[in-house]
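*Asks:* sequence first, then the predicted structure:
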Amino acid sequence: METSQKPQTGRRKEAKARVRLVPGSGQHRVNGRPIREYFPRPNHVRHAEEPIVVVHREGQVDIVATVRGGGLTGQAGAVRMAVARALAAEDDTVRAVLRKNGFLTRDSRMVERKKYGQAKARKRFQFSKR
């Protein structure tokens, strides 16, 4: 297994992640910090590491990720997609498994914009009959 030629990009909501997979002992770092320190919630860590678990590469590759924008949930989703893309780029045999589990599909849901004359995107201002 060799290092992926270039960092892979993953996006979710407003978050963007660049991930490089390096052969190693399974150390995962996000923005220079250990993944469990960066993502305090265990479900975010699990979500970000899911592609590696599915293709049985735990302890074989190190993840070096840079994440910007959005919140922690969006960032975890962006890292997940970038890791899956990096795995697929270096080994075509795992692509079908990653695709079947939905790791290579971009979640296109974004925050709906606020409309004028309303309190939020869909919420209206309070109506008074009199």
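*Replies:* Cool, the structure landed. Numbering: from 1, shown residues only.
*Asks:* contacting residues for the most centrally placed residue in the chain?
*Replies:* Nearest residue to the geometric centre of the chain (CA atoms, centre = their mean): A78, 2.1 Å. Residues counted as contacts of A78 (CB atoms under 8 Å, 6 or more residues apart in numbering) are G10, R11, R12, A15, K16, A17, V67, G70. C-beta coordinates here come from the backbone N, C-alpha and C atoms, glycine included.
*Asks:* isn't G69 right next to R18, touching?
*Replies:* No. Counting by CB atoms under 8 Å, G69 sits too far from R18 to count as a contact (11.8 Å).
*Asks:* secondary structure of the residue nearest to the centre of the chain: a strand, I assume?
*Replies:* No. Applying DSSP: H, G, I helix; E, B strand; the rest coil, one finds A78 to be helix, outside a strand.
*Asks:* for it, which non-adjacent residue is closest in space?
*Replies:* Nearest-residue entry for A78: A17, 3.7 Å, with adjacent residues in sequence omitted and distances by CB to CB, 6 or more residues apart in numbering.
*Asks:* R20 is in contact with V61, correct?
*Replies:* No. Using CB under 8 Å, V61 makes no contact with R20, being 9.9 Å away.
*Asks:* what about the two, which has more around it?
*Replies:* Shown here are V61 and R20; by other CB atoms under 10 Å, V61 has more neighbours (25 against 18).
*Asks:* next up, the contacts around the more buried one.
*Replies:* M1, L21, V22, P23, G24, G26, I52.
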